[in-house]
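[1] Please find the sequence and the predicted model below.
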Amino acid sequence: SETKRIRLAVIPGDGIGTEVVEAGLRIINHLAEASNGKFEFESDFFPWGCEYYLEHGKMMEEGGVERLRGYDAIYFGAVGFPGVPDHVSLWGLRLAICQGFDQWANIRPIEFLPGVPRRLNHPDVDSLNWVLIRENSEGEYSGIGGRNFSGRGLGKEVAVQSALFTEHGCERIIRYAFDLARTRKRKKVTSITKSNAQQYGMVLWDEVFSRVSKDYPDVETDQWLVDAAAAQFVLKPEELEVVVASNLFADILSDLGSALAGSLGLAASANINPEGNTPSMFESVHGSAPDIAGQGISNPIGAIGSAALMLDHLGLNEEAELINKAIAETTRQGILTRDLGGTYNTDEITDSIIENLSKVK
Ligand code: NAI
Ligand code: MG
């Protein structure tokens, strides 16, 4: 049969982004070599990020997003480093790609892996897992606002930051969550807003949620205000299955969820353009971690799990499952990085996962 050829755009970015992306690519290359010609990968590297910015005054080259359009997927590290303001680095690269390619669904599974010390004290902690669906195109990250209106002068500056909620944007992400819920054992969607205080955008979200839910009578629903939802993540996580929330809220809750599962370094994510018009982008949830960058001790599991989400998206479902099994086998064996209380470094974790790929087959 014919070899499936996959063209990847790789953007390692800054800090530990470069380390964890290298780890993920080692896993993918290993699988491709072991696939007996089932599939091949070709990776093009784009050296964009904060170093690029310091040299060129921008985070990526002119027309950079367009250069990525022809690829099958984008594999992304992390962006941000001291010396470049975080809002410049984030907007100049990651958000430019997510919004430029209308990757409106950000999928963030929360997995409780075996052998990992939990931050969460819960009787059924080993069987917990849920998935956060983050609205990824508007909301609080619409970039609408401004500063320095009408020269109010020193000490009297004013800033406005608005959130954009469209019926179309709410509807597509909420439907995505319901469709995903139908594929899971427990069919349930929890919607998170703050409609008591955010009386326009989030009330619209709630109305759309209620309307869309009528098309899915087989799916259970639940609704929480975000403050109470944060408590629920800790106190009643067994109630969570598919959780859908706005850009900002889901961003915050995904860090909480992954910390409860052990570490920010474990969390994988996919920025999906569900229509398939543009390439989707796969990245660990964490940032560039300047505090540990360059030491080779970062946890690569979030990035490797993101590679699994990418293979799954590209139709290599068996290979994706193999990666997830191999990750779980490595943590079960107690082969852990420092953020999880272990002593292994990035390369050793990656070696172990590669070794376990053939073991779990
Ligand atoms: P961060 O996620 O980089 O780090 C938070 C803490 O978690 C740090 O103590 C770090 O050492 C630890 N950590 C994160 N990932 C880890 C891993 N794989 N292994 C072991 N420990 C890990 O968040 P922070 O410190 O708020 O932001 C640092 C920079 O990253 C900033 O410039 C920020 O703007 C950027 N950032 C970029 C993101 C992206 O590219 N998607 C997402 C979040 C932050
Ligand atoms: Mg985040």
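    Alright, I've got the coordinates. Ligands and ions are numbered 1, 2, ... in the order given.

[2] Could you tell me which residues make contact with Val116?
    261-263, 266, 331, 336, 340 (Cβ atoms under 8 Å, 6 or more residues apart in numbering). Just so you know, the C-beta spots here come from the backbone N, C-alpha and C atoms, and that holds for glycine as well.

[3] can you map out the helices along the stretch 151-300 of the chain?
    Remark: helices assigned in the stretch 151-300 of the chain by DSSP state H, counting those that start in this stretch are 167-182, 201-213, 226-235, 247-260.

[4] And for Pro82, nearest residue in space, chain neighbours not counted?
    Using Cβ to Cβ, 6 or more residues apart in numbering and skipping residues adjacent in sequence, the residue nearest Pro82 is Pro290, 5.7 Å away.

[5] Can you report how many residues lie near the closest residue to ligand 1 within the stretch 151-300 of the chain?
    Ranking the residues of the stretch 151-300 of the chain by distance to ligand 1 (Cβ to the nearest ligand atom) places Gly287 first, at 2.3 Å. Neighbourhood size, Gly287 [other Cβ atoms under 10 Å]: 22.

[6] just Val21 next, same as before
    27.

[7] That one reaches Gly15, doesn't it?
    No: Val21 is not in contact with Gly15 according to Cβ atoms under 8 Å; the separation is 11.1 Å.

[8] what does the stretch 151-300 of the chain put close to ligand 1?
    264-265, 283, 286-292, 298-299 (Cβ under 6 Å from any ligand atom).

[9] ok so, going back, Pro274 is nearest to which of the helices of the stretch 151-300 of the chain?
    helix 167-182 (6.4 Å; Cβ to Cβ).

[10] Okay, angle between the closest one and helix 247-260 too, please.
    Here helix 167-182 points in a direction 30 degrees away from that of helix 247-260 (axes from the mean of the first three to the mean of the last three Cα atoms, to 10 degrees).

[11] Can you name every helix or strand that helix 167-182 contacts?
    strand 105-111, strand 129-135, strand 188-193, helix 201-213, strand 242-245 (3 or more Cβ pairs under 8 Å, 6 or more residues apart in numbering; DSSP states H and E).

[12] Just put the ones you listed in JSON lines and tack on mean neighbour count and mean pLDDT.
    Shown next, in JSON lines, are the helices and strands packed on helix 167-182 (neighbours: other Cβ atoms under 10 Å; pLDDT from 0 to 100):
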{"stretch": "strand 105-111", "mean neighbour count": "23", "mean pLDDT": "97"}
{"stretch": "strand 129-135", "mean neighbour count": "24", "mean pLDDT": "97"}
{"stretch": "strand 188-193", "mean neighbour count": "24", "mean pLDDT": "98"}
{"stretch": "helix 201-213", "mean neighbour count": "19", "mean pLDDT": "98"}
{"stretch": "strand 242-245", "mean neighbour count": "27", "mean pLDDT": "98"}
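
[13] Now that we have the residues of the stretch 151-300 of the chain next to ligand 1, which of them are buried?
    By neighbour count, with 16 or more other Cβ atoms under 10 Å, these hold 264-265, 283, 286-289, 292, 298-299 as buried.

[14] With pLDDT as new columns, can those be given to me in a markdown table?
    Shown next, in a markdown table, are those (pLDDT from 0 to 100):
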| residue | pLDDT |
| --- | --- |
| Leu264 | 96 |
| Gly265 | 97 |
| Glu283 | 98 |
| His286 | 97 |
| Gly287 | 97 |
| Ser288 | 98 |
| Ala289 | 98 |
| Ile292 | 98 |
| Ser298 | 98 |
| Asn299 | 98 |
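
[15] With that, I have no additional questions.
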